[in-house]
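S.K.: sequence first, then the predicted structure, then my questions.
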Amino acid sequence: MNPKKKSLSDLGGIMYSTDPSFNYESEEETASEVIANNQQDLRVMLDRKNRGGKAVTLITGYRGNAEDLDKLSKMLKTKCGVGGSAKDGEIIIQGDFRDKVVLMLQKEGYKVKKSGG
């Protein structure tokens, strides 16, 4: 099932065609290459901005498909025993779990650095 087109930019700017044989060719999403864990360069930081003073552990720099990001996020949230979310290549873990997250990601084979403060 194809996702719905919501704006002109989704259609590539084409609004209407008088050509009866015109067939709009949509760009197929290419299967993103699976990037090995040891080639991922992740940053783990503490973030308090725009969160009402609540601290969260923010993991950035993930490259790969959304399914793998969700799996990694679920594993980290489960091991820390807290909630969070994953979107746009970022994982948010509620609370300050930087050291614990760095150790878990290193055990999984990721290249990880603590950044910020």
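M.R.: Looks like it arrived, so ask away.
S.K.: residues of the lengthiest helix in the chain that come out buried?
M.R.: As assigned by DSSP state H, the longest helix anywhere in the chain is helix 66-80. Across helix 66-80, burial judged by 16 or more other CB atoms under 10 Å covers D68, L69, L72, S73, L76, K77, C80. C-beta here means a position set from N, CA and C on the backbone, and glycine is covered the same way.
S.K.: tell me where the chain has helices.
M.R.: Using DSSP H, helices in the chain cover 66-80, 98-107.
S.K.: which residue is the nearest non-sequential neighbour of the residue positioned nearest the centre of the chain?
M.R.: Nearest to the mean C-alpha position of the chain, counting by CA atoms, centre = their mean, stands G89 at 2.2 Å. Spatial nearest neighbour of G89, chain neighbours left out: Y62 (4.7 Å); criterion: CB to CB, 6 or more residues apart in numbering.
S.K.: quick check: pLDDT value at the nearest residue to L69 once chain neighbours are set aside.
M.R.: Excluding its sequence neighbours, the residue lying closest to L69 (CB to CB, 6+ apart) is A86, at 5.1 Å. For A86, the pLDDT comes out at 94.
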